[in-house]
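In: return atomic coordinates for the entry below.
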Amino acid sequence: MKSYQLSYETELNEAQYQAVTLHDGPILVIAGAGTGKTRTLTYRVAHLIEDGVPPEKILLLTFTRKAAEEMLSRASKLLDHRCSQVTGGTFHSFANRILRRYAPRIQFNHGFSIMDTTDVQSMINTIRNEWHLNTRERHFPNKATIASIISKSINKNKSILEILESEHAHFSHEATTLIKLQHAYQQKKRAQFAMDYDDLLVYLRDLLKLQKDVRDFLSNQYLYIMVDEYQDTNIIQSEIVRLLASQHQNVMVVGDDAQSIYAFRGAHYKNILNFPKHFPGTTVIKLEENYRSRQPILSMTNAMLQQADEGFSKNLYSKQEKGTLPKMIILPDEDTQSRFVVEMITKFSKKNKIKLQDMAVLFRNAFHSNHLEIALKNQGIDYVKYGGLKILDKLHVKDFLSLLRIMVYPYDELSWRRIFLMMKNVGAKTAEKITQHIIDEQIGFQGLFTFKTRSKYSAQLDQLKNMLESIDQYIHDLPAIAQLVLNYYQPILERTVDNAPQRMAELRNIAEMMQRYEELDHYLTDMALEPPNTLVDDETELDNADKSFLTLSTIHSAKGLEWRVVFIIWALDGRFPTIHALNSPESLEEELRLMYVATTRAKERLFITCPTNVYDRALDGFLDTPSSFIQNLPKALIKWHYIDE
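Out: Predicted coordinates:
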């Protein structure tokens with residue numbers, strides 16, 4: 001019998017041990033919330049290597065780079081450095097790596113650029129304006145809506161018309177124009193050797209499907225494939241997994257159908273339900289022992305899941321059997337809800353000595369916390385908020401990255417146009433004219449020297465040229481490059497915004513991240529594929545601060561996290577679940593899963609609040625019914641409280 005360095009049987013429970021030690025063939029691990037999914041994947045990496053599988057033959061696909069790094073780092077500490085040699089990362093980063101290797105096969109060059117959401121919308125808006133689709137009379141969809149329609153069409157494998165009919169029926173008559181616009185958008189990206197996020201997946205799928213030699217090589221390269229959070233994969237990602245496993249079927253996917261909450265991104269929760277059909281002979285393993293929450297919380301969440309129409313049955317249990325029943329708090333209005341939450345947080349903090357960082361307030365939509373934030377500020381309670389505006393959507397961050405991008409992607413129209421529009425007296429037409437000149441000249445930023453400028457902006461172009469020439473001398477010294485760009489951009493920022501010092505501080509945090517990199521293109525690729533969640537690098541500032549911060553978070557941003565005390569606010573029919581979901585069985589199922597994710601973040605105490613007598617402008621009526629997800633629970637599993645004022 002083989003001898004192992006790690007004692008797997010004693011370190012893992014029975015279900016985890018089976019998932020870790022069963023190597024060959026397709027395996028589906030249904031991992032309920034808090035059941036040690038990360039631990040299972042970590043030990044499986046170590047066990048495969050101890051069993052003699054070369055690290056380079058293992059592929060670990062996750063939904064964040066941080067998750068992959070954490071798992072492989074843990075595995076390395078458990079076993080040895082070989083675990084760090086496993087290929088791990090997101091679907092998009094893996095696609096980026098493979099497509100750069102095989103770029104000529106898909107008629108791209110190896111140095112293609114990656115467009116983020118704002119870049120996509122900017123390019124679409126350029127086409128929209130060129131086609132004069134932005135007239136008031138026509139009321140054509142805006143750039144964000146168009147980008148969303150195109151992306152959903154790709155990720156959901158549906159036609160533009162189908163997406164319009166199901167989600168934007170009032171634009172159905174524009175289907176023909178939108179299809180033409182999508183085609184023009186694809187051509188424009190190709191002309192600039194650029195890909196958006198969806199392209200990375202589509203081109204990888206097509207490469208694997210159409211180039212048999214590449215498919216066979218990669219399938220034999222990665223003999224053991226593991227996929228985390230499989231319930232969040234879209235149709236294309238599921239197809240990529242099947243193509244990569246074509247030579248061996250050694251695929252283990254881990255996930256929880258009850259935590260599939262990203263349909264708006266194109267996630268297809270039926271991928272996990274259909275896995276046994278896609279891979280005949282699948283072994284199904286359920287992880288049900290919960291290491292996070294006390295049993296009263298789990299008993300409530302188990303009952304909540306029974307409201308779902310479909311899914312794998314599971315019954316979470318904990319050895320922490322004693323605890324306080326979850327509470328449903330009915331309040332007369334939003335103001336009372338905010339005061340209640342603030343009072344409870346203050347009580348737990350002062351009387352129970354629970355740190356702010358061990359508590360969280362979760363909500364369905366980012367704006368749901370607006371009133372509460374004012375109440376917290378009035379009481380001097382420090383908090384950090386997750387969800388809402390993404391970092392790369394901030395204009396000053398986009399400006400900073402554009403100045404870097406042109407050094408790596410010298411014919412990036414979007415970045416050049418953005419840079420010229422930062423200058424005084426330069427309008428859209430002039431920005432377009434200079435940009436087109438640089439692209440036509442095909443000599444990179446040196447094209448600035450050959451552009452015949454008018455006196456009113458020639459000095460600014462000289463400043464830009466000088467800065468870019470300086471960068472060219474420090475191309476492998478990323479901290480020096482960052483400082484040069486910050487020096488150039490600071491006067492522009494001070495001229496255009498009121499809170500320049502705050503925004504410069506944010507940019508310095510972004511710039512400090514460059515110190516980890518040796519190549520500028522690697523930094524830009526990671527910023528496009530895996531931007532940080534906050535402008536605080538890896539939250540180190542929060543972790544090291546003397547102050548403790550309460551967490552405010554959308555439920556989508558809270559997935560995978562946990563706190564001792566959790567408040568879920570706005571559990572009101574029409575808010576959570578949303579008005580739209582109340583009229584759509586499929587959307588209502590996703591809202592139920594979202595509530596399940598929220599409730600399973602709590603370790604010890606769970607409060608769900610419902611303000612009533614709430615006026616809804618769209619309905620021109622009042623909302624006063626507590627969330628149906630909570631109403632339908634057995635009364636013995638949750639304690640109801642009514643607060644009059």
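In: tell me the confidence at Arg65?
Out: The model reports Arg65 with a pLDDT of 86.
In: can you check Met423 too?
Out: As predicted, Met423 sits at a pLDDT of 89.
In: for it, what are its contacts?
Out: Residues near Met423 by Cβ atoms under 8 Å, 6 or more residues apart in numbering: 457, 460-461, 464, 492. For every residue, glycine as well, the C-beta is placed using N, CA and C.
In: what is the nearest of these to Ser349?
Out: Nearest to Ser349 out of the contacts of Met423 is Ile492 (Cβ to Cβ; 42.7 Å).
In: give me the nearest residue to that closest one, chain neighbours excluded.
Out: Once flanking residues are discounted, Ile492 sits nearest to Met422: 5.1 Å by Cβ to Cβ, 6 or more residues apart in numbering.
In: what is the neighbour count of the one you found?
Out: For Met422, the neighbour count with other Cβ atoms under 10 Å is 20.
In: that one and Asn499, how far apart?
Out: Distance of Met422 to Asn499, given as Cβ to Cβ, to the nearest Å: 17 Å.
In: repeat that for Asn125.
Out: For Asn125, the distance to Asn499 equals 26 Å [Cβ to Cβ].
In: the more surrounded of the two?
Out: Using other Cβ under 10 Å as the criterion, Asn125 and Asn499 rank with Asn125 on top: 17 against 11.
In: the more buried one touches Lys143, doesn't it?
Out: Yes - using Cβ atoms under 8 Å, Asn125 is in contact with Lys143, at 4.0 Å.
In: what pLDDT does Glu541 get?
Out: We note a pLDDT of 41 for Glu541 in this prediction.
In: where does pLDDT dip in the chain?
Out: Residues of the chain meeting the criterion pLDDT under 70: 1, 136, 388-393, 444, 447, 449-450, 452-455, 531-547, 645.
In: returning to what we had before: so what's the residue nearest to Ile492 up against?
Out: Met422 neighbours (Cβ under 8 Å, 6+ apart): 399, 489, 492, 496.
In: coming back round to it: so can I have a markdown table of the contacts of Met423 showing distance to Leu60, neighbour count and secondary structure?
Out: Formatted as a markdown table, the contacts of Met423 follow (distance: Cβ to Cβ, whole Å; neighbours: other Cβ atoms under 10 Å; DSSP: H, G, I helix; E, B strand; the rest coil):
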| residue | distance to Leu60 | neighbour count | secondary structure |
| --- | --- | --- | --- |
| Tyr457 | 51 | 16 | helix |
| Gln460 | 48 | 17 | helix |
| Leu461 | 48 | 18 | helix |
| Leu464 | 43 | 18 | helix |
| Ile492 | 42 | 19 | helix |
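In: looking at those, which is nearest Thr324?
Out: Nearest member of the contacts of Met423 to Thr324, counting by Cβ to Cβ, is Ile492, at 54.6 Å.
In: gap between the closest one and Ile419?
Out: According to Cβ to Cβ, Ile492 and Ile419 sit 10 Å apart.
In: give me the common contacts of these two.
Out: Asp399.
In: and the contacts of the longest strand anywhere in the chain?
Out: Criterion DSSP state E: the longest strand present in the chain is strand 602-611. For strand 602-611, contacts defined as Cβ under 8 Å, 6+ apart pick out 292-294, 297, 300, 323-324, 326-334, 336-337, 340-341, 344, 348, 562-572, 599, 626-627, 630, 638.
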